[in-house]
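S.K.: Using only what follows, build the 3D model:
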Amino acid sequence: MSQIRALLAGLLRSRGPQFLRLPGGGGGAGGRGGGGGGPAGRKTGLLEPYLWVGGALPGWEEPLTGIRGHHVAQLDPLGILEADLDCFVPSDLITTVDKLGFYGLDASDLDKTFRLPSTTFIGGPDTALPLREIIRRLETSYCGHVGVEFMFINDVEQCQWIRGKFETPGAMRLTDPQKRTLLARLVRSTRFEDFLSRKWSSEKRFGLEGCEVLIPALKMIIDCSSAAGIDSIVMGMPHRGRLNVLANVIRKDLDQIFCQFDPKLEAADEGSGDVKYHLGMCHKRINRGTDKTITLSLMANPSHLEAVDPVVQGKAKAEQFYRGDSQGKKVMSILMHGDAAFAGQGVVYETFHLSELPSYTTHGTIHVVVNNQIGFTTDPRVARSSPYPTDVARVVNAPIFHVNADDPEAVMHVCRVAAEWRNAFNKDVVIDLVSYRRFGHNEMDEPMFTQPLMYKQIQRQEHVLKKYSDKLISQGVVTLQEFEEEVAKYDMLCEEAYSSAKDEKISHIRHWLDSPWPDFFTPDGEPRSMSCPPTGLEEEVLQRIGLTASSVPLEDFNLHPGGLGPGRVHGHRVPPPGGGPREAERAGRGERHLQVRGGGTFSHRHHVLHDQEVDRRFCVPMSHLWPDQAPYTVCNSSLSEYGVLGFELGFAMASPNALVLWEAQFGDFHNTAQCIIDQFISPGQAKWVRNNGIVLLLPHGMEGMGPEHSSARPERFLQMSKDDPDRFPEFDGDFEVQQLFECNWVVVNCSTPANYCHMLRRQVLLPFRKPLIVFTPKSLLRQPDARSGFHELAEGTRFKRLIPDEGRASERPERVKRVIFCTGKVFYELVRERRGRGLEGEVAIVRLEQISPFPFDLVRAEVERFSASELVWCQEEHKNMGYYDYVRPRFRTVVANQRPIWYVGRDPAAAPATGNKATHLQELRRFTHAAFDLHAFRGRNF
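M.R.: Numbers count the residues shown, from 1 in each chain. Next up is the predicted model:
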């Protein structure tokens, strides 16, 4: 008897009636028929996908597992590697006739007929089958070109649902029209790569050769999802195969793709642009499979593999939110991965970990792994510790379908099941397309250097299109002439597009925009104005905000005693009656169209009140401002920076009418999300013409809390700011707005509640969107001098990029000996020191609230105002950190290199702060003393 690649879990010789049953137990139901526990005295686990005959094997204590058919499935199209790295075949797997003896069976039992239990689907209409046929059907279901991992799922209904999709006889068969559609899609996928290879043989394109079935796979997922009601899909993928997906799935015009290979093509958009295999696109079209409209958005992404995953999820979540799609029945996401990155990149786990969280779930994502069985030049045997690259998906009980990518029909079945699973259960699912990479990492690479045996086999490997077309021709599904006509038709489309592409002289990156805002910008993608209205508010509105934020709008709500009464979290914020200065709230009224989303820590936790007596009863006072207000969302998130910041960035992409804030517990921790900051937030507009108004709240300040609770590393953000330090900007019109329009992001450190409010309101009232980086520290929440009167928020007021000295020094500027420029909370330290020394008339203190883009115009006005004064930059950070290296050349530009700007602050250091409180205070005393030593720089050259 030839090898039987079937897994019969606990197939035992029957001691009584020959009745096949499935072990249940473990507290779970017995499956479709209910009940179904194992033999008495025998430990049984969850429902198993393979059968065993009633009876007991003496001495057997553990349940005989029937969940490992994928271990012997024929998944590798090359036939040289096991898809899983654990190539050991357990002894209880029946792979040859002699293995039957393990269960007390022999070859004579193969033709005996057994009744089937109600918990299996292999019988179809039959209630009994010969053992030989049982083995054959199980082999077909689980040990052919598909390997299924799902029995770790702790839900019987879900397990049974999957079994029905794979065990039912004929489940994997396609109709002849479906086969012809599959062939046509495979033609397009294959011939597209062939065309690029012929025309641009020396160009990098990161082609899909070896896994051409990805295109039909995606289109099958889209067809099934569209039929189920999905009309918008957000997609993310790495660079390999991206051009093919853009051409044959998203339906980007072929000539627009081909012209990107022209080295003479000029860029029409400002900024750097990006390589063609990083670009994305959003396209609304008719899906031919269902004749329904569908919007497909493929997100642009950097070379940093898997970094786009949480961004895709965030955008999908936002679209669901705005459309009221609370169950994910209209909007979904598809993520494509490489095998090495899926196993190796930690952000994959972070993204999975968000999938079931209330504020972050997208109600199921379909993951498609293009498993080339290699990572760059690294063999999987030294690239991961898990058997499969997909094992990370087990953490969320996502079923995993491994499939041989050289069997297109098996791939189509798996994709259909995955789409149906997502629609039925709103949970993640993984498709593992076990394939190969026909060329090297890129088309110029020679893979034989590092994988000689694999690539010798690949050179002999017949293309999947040839194999499948021959199969359909032999079956009479298509004729050779029909196949050749299909090939010729697509080749002609490519040739026509190639000719048209030659006429393209200019590259418009905005035509590749993945998140367009057509109602926000002009049809050409430009702002509708270049001005920003005042950000002040009516006093009535301010009173309403203060009273609401300081109250508990719900009845019988048991508030924590720390939040009640004068001086408490809520009581002290109640605005006093009548006129006069009052403490201003750190939030303005949300516009009616504005959705506010953010997460906070420490004092910000009081945005959400928790009932002290009733579990999971919450109150968000800011959600009770007005009956018809826009939603105000405060999110608890996974303890993640990389994944959560990426998610919030994606959320902010979906609409310009949302104020999305992400707060690090301390600003120091943003660097675990550095990839999102460096590759998406800072250069996103330059690379992809993509506006984004996300706000990063990064509490920053030297407060004696040690090296990891002090610095948000402002020097890094300022280093990436693109304004020229050596050129005084000249603008027509509104200097502030023009300067903001030219920058890549805005960096601020607000020192007053009023300016903080104006800052956030300006962020959403600007006619364009820029990321906003906020370094305001938490300690200002407790700083008694950090107060604002309502007059500072009144109608007509605005954000102050610079706050000049408003004391005695401003009255007689000619008598001022020194002007200290600073930013952030160090201002209050300096004011206290100046007051103690009685130097209010001799030393002026000027605050830069907006550090970047640098307020050249306002700084020049202050420098000219104090024309005879010594100029000092004072910061609490070390000299090689903080703001000094950024502001110094810009000050020199303002004074035309005619006056020095002296430094006062901490000395250079390797760590951002000391961990010793005494040292911290000593450093503080030293630099505040130097700030007011009016003889410190006398006689020194600059």
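
S.K.: residues touching E795, list them.
M.R.: P534, G536, L537, E538 (C-beta atoms under 8 Å, 6 or more residues apart in numbering). Using the backbone N, CA and C atoms, a C-beta is placed for each residue, glycine as well.

S.K.: Isn't the third one up against H791?
M.R.: No - between L537 and H791 there is no contact under C-beta atoms under 8 Å: 11.6 Å.

S.K.: Give the residue from these two that has the larger number of neighbours.
M.R.: L537 (22 against 15; other C-beta atoms under 10 Å).

S.K.: So that one lies in a helix, does it not?
M.R.: No - counting by DSSP: H, G, I helix; E, B strand; the rest coil, L537 is not part of a helix but coil.

S.K.: can you give me the strands for the stretch 151-300 of the chain?
M.R.: 232-236, 266-267, 281-287, 292-298 (DSSP state E, counting those that start in this stretch).

S.K.: Which strands and helices lie in contact with the last one?
M.R.: When contacts are defined as 3 or more C-beta pairs under 8 Å, 6 or more residues apart in numbering; DSSP states H and E, strand 292-298 sits against helix 214-227, strand 232-236, strand 281-287.

S.K.: Check the third one too.
M.R.: Strand 281-287 is packed against helix 214-227, strand 292-298, with contacts defined by 3+ C-beta pairs under 8 Å, 6+ apart.

S.K.: okay, the ones you listed in a markdown table with mean neighbour count next?
M.R.: Formatted as a markdown table, the helices and strands packed on strand 281-287 follow (neighbours: other C-beta atoms under 10 Å):
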| stretch | mean neighbour count |
| --- | --- |
| helix 214-227 | 24 |
| strand 292-298 | 19 |
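
S.K.: And the ones you listed: which comes nearest G69?
M.R.: Evaluated with C-beta to C-beta, the helices and strands packed on strand 281-287 place helix 214-227 nearest to G69, the distance being 21.8 Å.

S.K.: does F521 really touch P527, like I thought?
M.R.: Yes - here F521 reaches P527: they are 6.4 Å apart, a contact under C-beta under 8 Å.

S.K.: Can you check the pLDDT for G36?
M.R.: Looking at G36, its pLDDT reads 34.

S.K.: going forward, begin numbering at 371 instead of 1
M.R.: That works, and once the first residue is 371, the last one we named lands at G406.

S.K.: returning to that earlier point: could you dump the contacts of E1165 into TSV and include pLDDT?
M.R.: What follows is these, written out as TSV (pLDDT from 0 to 100):
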residue	pLDDT
P904	96
G906	96
L907	94
E908	94
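
S.K.: which ones are touching the residue nearest to E1212 when sequence neighbours are not counted?
M.R.: Excluding its sequence neighbours, the residue lying closest to E1212 (C-beta to C-beta, 6 or more residues apart in numbering) is K1187, at 4.9 Å. Going by C-beta under 8 Å, 6+ apart, K1187 touches E1212, V1213, S1239, E1240, L1304.

S.K.: Could you tell me which of the residues you listed belong to strands?
M.R.: Secondary structure from DSSP state E places V1213, E1240 of the contacts of K1187 in strands.

S.K.: Which of the contacts of K1187 has the largest number of neighbours?
M.R.: V1213 (25 neighbours).

S.K.: roughly how far apart are that residue and L1228?
M.R.: Computed as C-beta to C-beta, to the nearest Å, the V1213 to L1228 distance reads 19 Å.

S.K.: can you check G906 too?
M.R.: 19 Å.

S.K.: can you check C652 too?
M.R.: C652 is 40 Å from L1228, by C-beta to C-beta.

S.K.: the more surrounded of those two?
M.R.: Set C652 next to L1228 and count neighbours by other C-beta under 10 Å: L1228 wins out with 21 against 17.

S.K.: Quick check: closest non-adjacent residue to the more buried one.
M.R.: L1172 (4.1 Å).
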